[in-house]
Every structure is written in structure tokens, then in C-alpha cells.
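**Student:** Here is my input; please provide its structure:
(one chain, ligands or ions: 1)
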Amino acid sequence: MLQVLQLFKEINGRQILNDISFEIENGGSLAIIGESGSGKSTLAQLIMALQQPTSGQIMFNGRSLPSKRSKSYKEWYRDIQIVFQNTASILNPAMSLFQCLEEPLVNFTNLNRLERKHRILEYLDKVGLREDLLRKRPGKLSGGQYQRACLAKALLIKPNLLICDEIVSGLDIVLQQRVIDLLKSIQKEQGVSLLFITHDLSLISGLCNDILVMKGGNKIEQFHTSDLHNEKNRDAYTNMLIKSTQMLETTWEL
Ligand SMILES: Nc1ncnc2c1ncn2[C@@H]1O[C@H](COP(=O)(O)OP(=O)(O)OP(=O)(O)O)[C@@H](O)[C@H]1O
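**Tutor:** Numbering: from 1, shown residues only. Predicted coordinates:
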């Protein structure tokens, strides 16, 4: 279980996160929504131990957040994987896609060469990429292929928690749906917990059990996804986000 307790983050005297607490049960899924600059990515970076909080606690399956230099960092990083919005630097441009995907398997598993190859082919298929792409350098992949390759890289070591930070924002609507469907089936098959960060409410239904709304570094509210449209119980800010999503969808249909 992931537990985030009274988390504060200050950068250059500015409060970026202000008393954030939430939990994700093993196999559970939480969407974090909020406008640009609300602190969503900073929160993800803290959970990945890429930055340290000013105060507060992050626990995963009973262990505390390690510092990046500590021995337990490797274990933390094996259990929690992240796919970023801006993925351009995730895959080493000097390696083939096969080498990029093999790297985490070498670092985090005891699989032999043949087993690694099978695992890579299995996940390549899951994300809908062709085998012949494995010989290519990441720079030769299209944006959608690159994003899906990053997802395969994060998933093939079978993490317990996957953090997705705006991972479908740059994709067209067909690819967006494909990635969402993939996440749903991976959740079902592997029981991976999911923290799905987005500013787009329309992506969440059927994917996440709970929604946490953030604004200006503060947690506005958290509720079950089925209560999203229960307008009377929702904060005015959440209702405003819902309305703006509906307006965008209507414009799209016209
Ligand atoms: N290293 C940093 N130095 C200074 N300010 C920072 C730093 N990192 C984040 N911020 C500020 O913290 C606030 C929250 O940023 P963050 O990227 O976490 O928000 P976000 O909700 O993920 O936004 P987006 O959806 O646009 O990615 C922003 O105002 C940002 O400018």
C-alpha cells in the first residue's frame, strides 16, 4: 500500500505542496486531477524519491521513502515505476530499443538472456508495437510508439505501483484510448496499483476507483469515481473542472 502523509514541499521559499495525504491500496487506482501548476508532477517526483519532501512521510508497503543514495533506493525503484509526460529522455538515444528495454531486466531481475528476450516480446505485444522496431534507435520511433515503448519499459519488471504522469496528453484520441485500454488490462492481469495523473477528467472513468482533486498545491477533495457527477457533494472547483471537460467534449463533437 502507498501512504502519503501530510506532505509539504517548498521550493525557493514557495509552497508547492501543502499538506497532501492519501492512500492507494494494493491493486487500487487513484487519479490525481488539477489544472497546470497544481503540483501533480512534483508529487509524483517525491513518490519516486527524485526529490525529497520538506516534511511529511511517504511509505510503500511499510517502508519509508529512501534517499536516492541509499541501498534501499534500488528496491523502491523496482517496486514503483513512473512514465512521464515528457518522455524524450527516458530511452537512451545511443542504444537500440531492445537494449533500452533489456536494461531494467538486467538491473532488476535474475532472468537469463532468453527469458529477457521473451519478456521483452511479451510486453512489446501488450503495448501494440512490432518486433522489427527493436532494432531501431528510439529517435526513429514516432511519438506514439515512443510513449508505448516507455510504458513497456516501466511494466516489464512488473512493478507493484505504476505512476502515469499525463502519459496520453500528447497522443491522438485513438492512441489515447489504446493506452487507457492497455492500462486497464494490465491492472486486471498483474494487479498493479495505479496513480494516474491527468488534467483530463474524461480519461478516468473505468480506469481509476478514486479521484483526488488538487489546486495550487492543496488537496481540494477526494471521492469515489462513481461520485464524480454528484454535483451537490462536489467542491465548486471540481464542478468547474467537470464543466470545462464537458464543454471541450461538446466542441469536439460539433
Ligand atoms: N524545481 C522547481 N523550481 C521552482 N518551481 C518549481 C519547480 N518545480 C515545480 N515548480 C513549480 O511548482 C508548481 C507545481 O508544478 P508541477 O509541475 O508539480 O505542477 P503540475 O500540476 O504537474 O503542472 P502540469 O500539469 O503543467 O505539469 C508550478 O508553479 C511550478 O512552476
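**Student:** From here on, just use CA atoms for contacts and neighbour counts.
**Tutor:** OK.
**Student:** Name the helix or strand for the residue positioned nearest the centre of the chain, please.
**Tutor:** Residue closest to the mean C-alpha point of the chain, counted by C-alpha atoms, centre = their mean, is Cys164 at 1.4 Å. In this assignment (DSSP states H and E), Cys164 forms part of strand 161-165.
**Student:** That strand near the ligand anywhere?
**Tutor:** No: on the criterion C-alpha under 6 Å from any ligand atom, strand 161-165 is out of touch with the ligand, staying 7.9 Å away.
**Student:** Which strands and helices lie in contact with that strand?
**Tutor:** helix 40-47, strand 80-83, strand 193-198 (3 or more C-alpha pairs under 8 Å, 6 or more residues apart in numbering; DSSP states H and E).
**Student:** thinking again about what came up before, show the contacting residues for the residue nearest to the centre of the chain.
**Tutor:** Ile82, Val83, Phe84, Gln85, Leu194, Leu195, Phe196, Ile197 (C-alpha atoms under 8 Å, 6 or more residues apart in numbering).
**Student:** go with 6 Å
**Tutor:** Ile82, Val83, Phe196, Ile197 (C-alpha atoms under 6 Å, 6 or more residues apart in numbering).
**Student:** any idea how far it lies from Lys243?
**Tutor:** Distance, Cys164 to Lys243, by C-alpha to C-alpha, to the nearest Å: 24 Å.
**Student:** for Glu231, same thing?
**Tutor:** From Glu231 to Lys243 the distance is 11 Å (C-alpha to C-alpha).
**Student:** Flag the shaky bits of the stretch 151-254 of the chain, pLDDT-wise.
**Tutor:** 247-254 (pLDDT under 70).
**Student:** for stretch 51-68, the distance to its chain's centre please.
**Tutor:** Remark: stretch 51-68 is offset 18 Å from the chain centroid, using C-alpha atoms, centre = their mean, to the nearest Å.
**Student:** And stretch 179-197, by the same measure?
**Tutor:** The answer for stretch 179-197 is 10 Å, by C-alpha atoms, centre = their mean.
**Student:** All set now, cheers.
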